[in-house]
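>>> One predicted model, sequence on top.
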Amino acid sequence: MLELESVTKAYGNLRALKEVSLRVAPGEWLSVMGPSGSGKTTLMNLVGCLDTPTSGRVVLDGVETNRASRSELTRLRRDTVGLVFQRFHLVPHLTALENIMVAQYYHSLPDAKQAMEALERVGLADRAKHLPRELSGGEQQRVCVARALINYPKLVLADEPVGNLDEDNERRVLEFFAGLHADGTTLVVVTHDPKVAALGQRTIVLEHGRIAKEAA
Amino acid sequence: MASFARRMLWAALTRRGSRAVIAALAVAVGVTTLTGLASIWLDLDSQLARQLRGYGANLVVTATSGRLSSDDLAAFDKALEEADVVGRSTYRYEVVQVRQQGLPLLAIDTGTVSQVRPYWAVAGALPAVGEVLVGRDLAETYGLREGDSVTLTNDPQEVRGRVAGVLSTGGAEDGQLVVTQDTAAQLFGEPGAVDLIEYSVAAQAGELEPLAERLGGAVGNAQAAVVKRLATSEAKVQSTLGSMLVLVSLVVLALTAITVASNMLALVAQRSTEIGLRKALGASDAQVRGEFLAEAVVLGLVGGVLGVLAGIGVAAGVSLQVFGRGLTLAWPVPLVAIAAAVALTAAASYPPVLRAGRVDPAVVLRGE
């Protein structure tokens, strides 16, 4: 599903990732850990096709993203990847339902019924017409998860998905991820929390832009 | 698909509040000024043409031989049927004996003289039949005052008249005696005969010469001429004011464009994370540009409509205050102004829109 081969990403003189190689099989749940500044976000950007490497190869779903055009990267983001952010990143002037429909809109066709079903799955049907500022952090994260999954992506990338959530919402989101994994979706989850990391089949630990440890 | 795009556009414009309102207001203020100035400018020629009629007649008709009759007068009026005639008055010149001296006598139509010679300063009143208005210089020379008696003689006819007032014009009339045309007819006969007709016509530069030609051709023994000094001055005033309005309009246009552009730049900067998010969700550069351009067009349209309504109100108010007349609205102005508002907003928004298209989607994850 995903392969990184000797990937380096430099911002000026700063090398955020250094010669990182990694393979993620279809349906695998990979946890990524590491302290701040270790290169986790850079890795997410490269895997999520939000950025391209300075050197090395990144192959996602058979497409070499380091050689891909802007429009090919856009297509990969749209069709292959579902993103879950630590800070949710919902469009502030759109309702919960509309925030999910935005992902449908850029992917294919907005379908309010299907978007509503996605909200029902994350237990937020009654909050469909609320703006993000009217939702709690946990509710916003659940909308973010529903949005990431609405187009049935092959790979779900989650950056600290439960970092800002209370215990109850954390449990709900992780149960949801477990369900996705059981359904065969590939998951890459960045986390500081060893308990969350332990839910994955494999964990890598980044330090100073390199993979310092890897554990199954 | 399109309906959701409209839904997102509507949400962006209505739920984000201040920025969109400020952008629309900036456009509205600019369009108000432009519509106001354009409406006043397009109506300026006719408004000024009427205002400047206060300086006197701009067309004069004289006889090439003999005198002009009331039939001739009717023919002239018919020739000017389609012109905007503000005033018309007739004059007859004679020489009358006063205290055994020949003095110039001007017979006027007291009902219409003020239409073409509004600058006459009369201390007292215009003459009634049997009365005399004395020019200032003559009044000083003969020691005549309002209420005195003066005898006008055209042997054997004689009229003993009362001095109705003293006339000051700074012109030839200061050395003349002024009476009604009926009084002149009593002294000299030929009732209805006149030597000079003055017209005050509200016309724009270049329209007077053809009118003069039409008047000259209306009657066999008549010639008509444009009062060049006045016509040229009017054209200069109109041209100067027009140039000033165009200049002010251009400055306003530039300021509006700068305001809209800076506002849209701020809007793009404020929403860079949202733009990054849209791209992270799969929006192409072109889609992002299209969405922002659509917002700009709608803001331009809303601002344009508001501005046009306010601009027409302002122009009508100014017209009433300055010229004392309502505004004659040139109907293409609102349509052109709205189209210009949309085009200006789109053009001014283009650099920020391009910038929005270039926002890096990785911006979403930075700072996480």
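Sure thing, it's come through.

>>> contacts and neighbour counts: CA atoms only from here.
OK.

>>> Hmm, B:S284 is touching A:S71, no?
Yes: B:S284 sits in contact with A:S71 when judged by C-alpha atoms under 8 Å, with a separation of 7.0 Å.

>>> Neighbour count for the two, which is higher?
For B:S284 versus A:S71, the count of surrounding residues by other C-alpha atoms under 10 Å in any protein chain shown is larger for B:S284: 21 against 13.

>>> Please name the residues that touch that one.
A:S71, A:T74 (C-alpha atoms under 8 Å, 6 or more residues apart in numbering or on different chains).

>>> Please name the nearest non-neighbouring residue to the residue in the stretch 201-350 of chain B that chain A sits nearest to.
Nearest residue of the stretch 201-350 of chain B to chain A: B:G282, at 3.9 Å (C-alpha to the nearest C-alpha). With C-alpha to C-alpha, 6 or more residues apart in numbering or on different chains as the criterion, B:G282 has its nearest non-adjacent residue at 3.9 Å, and that residue is A:R78.

>>> Now for that neighbour, which secondary structure element holds it?
If you go by DSSP states H and E, A:R78 is part of helix A:70-79.

>>> Buried residues in that helix, which are they?
Buried residues in helix A:70-79, defined by neighbour count with 16 or more other C-alpha atoms under 10 Å in any protein chain shown: A:E72, A:L73, A:T74, A:R75, A:L76, A:R77, A:R78, A:D79.

>>> Quick check: next helix or strand after that helix?
Following helix A:70-79 toward the C-terminus (DSSP H and E): strand A:81-84.

>>> partner strands of that next one, parallel or antiparallel?
Here strand A:81-84 is paired, per DSSP bridges, with strand A:155-159 (parallel).

>>> Now do the strand it pairs with against helix A:70-79, angle only.
Inter-element angle recorded for strand A:155-159 and helix A:70-79: 90 degrees (by axes from the mean of the first three to the mean of the last three C-alpha atoms, to 10 degrees).

>>> can you list the residues of chain A near chain B?
Counting by C-alpha under 8 Å from any C-alpha of the partner chain, chain A comes close to chain B at A:41, A:45, A:50-51, A:71, A:74-79, A:82-83, A:85-87, A:89-91, A:93-94, A:103, A:105-107, A:109-110.

>>> those strands in chain A, which residues are they?
All strands of chain A, identified by DSSP state E, fall at A:2-11, A:14-24, A:29-33, A:55-60, A:63-64, A:81-84, A:155-159, A:186-190, A:202-207, A:210-215.

>>> pLDDT (mean, whole number) over the shortest one?
It refers to strand A:63-64. Averaged over strand A:63-64, pLDDT sits at 92.

>>> go on, stretch B:194-213?
85.

>>> can you count the residues close to B:G217?
B:G217 has 16 nearby residues by other C-alpha under 10 Å.

>>> B:L80 too?
Residues near B:L80, counting by other C-alpha under 10 Å: 17.

>>> doesn't B:E213 make contact with it?
No: counting by C-alpha under 8 Å, B:L80 does not reach B:E213; the two are 10.8 Å apart.

>>> Bridge partners for A:A10, pull those for me.
In this entry, A:A10 is beta-bridged to A:R15, by DSSP bridges.

>>> My understanding was that it contacts A:T52; is that so?
No: between A:A10 and A:T52 there is no contact under C-alpha under 8 Å: 10.4 Å.

>>> Tell me which of the two has more neighbours.
Shown here are A:A10 and A:T52; by other C-alpha under 10 Å, A:T52 has more neighbours (22 against 14).

>>> Residue of chain A nearest chain B, please.
A:R78 (3.9 Å).

>>> got the contact list for that residue?
A:A103, A:Y106, A:H107, B:A280, B:L281, B:G282, B:A283.

>>> so which of the residues you listed comes closest to B:G317?
B:A283 (49.0 Å; C-alpha to C-alpha).

>>> what's the neighbour count on A:G123?
Other residues close to A:G123 by other C-alpha under 10 Å number 15.

>>> ok, so what distance separates it from A:E139?
Counting by C-alpha to C-alpha, to the nearest Å, the separation of A:G123 from A:E139 is 9 Å.

>>> for B:A74, same thing?
In terms of C-alpha to C-alpha, B:A74 sits 90 Å off from A:E139.

>>> same check, this time on A:S38
Going from A:S38 to A:E139 by C-alpha to C-alpha gives 29 Å.

>>> count of neighbours near B:G147?
14.

>>> Is it in a helix, a strand, or coil?
Look at B:G147: counting by DSSP: H, G, I helix; E, B strand; the rest coil, its state is coil.

>>> ok, now which ones touch the closest residue to it other than its chain neighbours?
In this structure, B:G147 finds its nearest non-sequential neighbour in B:V163, 5.1 Å apart by C-alpha to C-alpha, 6+ apart. The neighbours of B:V163, taking C-alpha under 8 Å, 6+ apart as the test, are B:P127, B:E131, B:V132, B:L133, B:V134, B:L144, B:R145, B:E146, B:G147, B:D148, B:S149, B:V150.

>>> Serialize the residues you listed to JSON lines and add fields for distance to B:G276.
JSON lines is the format used below for the contacts of B:V163 (distance: C-alpha to C-alpha, whole Å):
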{"residue": "B:P127", "distance to B:G276": "87"}
{"residue": "B:E131", "distance to B:G276": "92"}
{"residue": "B:V132", "distance to B:G276": "91"}
{"residue": "B:L133", "distance to B:G276": "88"}
{"residue": "B:V134", "distance to B:G276": "89"}
{"residue": "B:L144", "distance to B:G276": "94"}
{"residue": "B:R145", "distance to B:G276": "92"}
{"residue": "B:E146", "distance to B:G276": "91"}
{"residue": "B:G147", "distance to B:G276": "93"}
{"residue": "B:D148", "distance to B:G276": "96"}
{"residue": "B:S149", "distance to B:G276": "98"}
{"residue": "B:V150", "distance to B:G276": "98"}
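
>>> Weed out the non-buried ones from the residues you listed.
B:P127, B:E131, B:V132, B:L133, B:V134, B:L144, B:R145, B:E146, B:V150.

>>> Check which element follows the longest strand along chain B along the chain.
Assignment by DSSP E gives strand B:85-98 as the longest strand of chain B. Next in sequence after strand B:85-98, counting helices and strands by DSSP H and E, comes strand B:101-108.

>>> Alpha carbons only: can I get that next one in CSV?
The C-alpha trace of strand B:101-108 is given here as CSV (Å, rounded to 0.1, in the frame of the first residue of the first chain):
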residue,chain,number,x,y,z
GLN,B,101,-32.6,116.7,-26.7
GLY,B,102,-32.7,113.4,-28.6
LEU,B,103,-32.2,110.4,-26.3
PRO,B,104,-32.1,106.7,-27.1
LEU,B,105,-35.4,104.9,-26.2
LEU,B,106,-35.6,101.2,-25.6
ALA,B,107,-39.1,99.6,-25.7
ILE,B,108,-39.3,96.3,-23.9
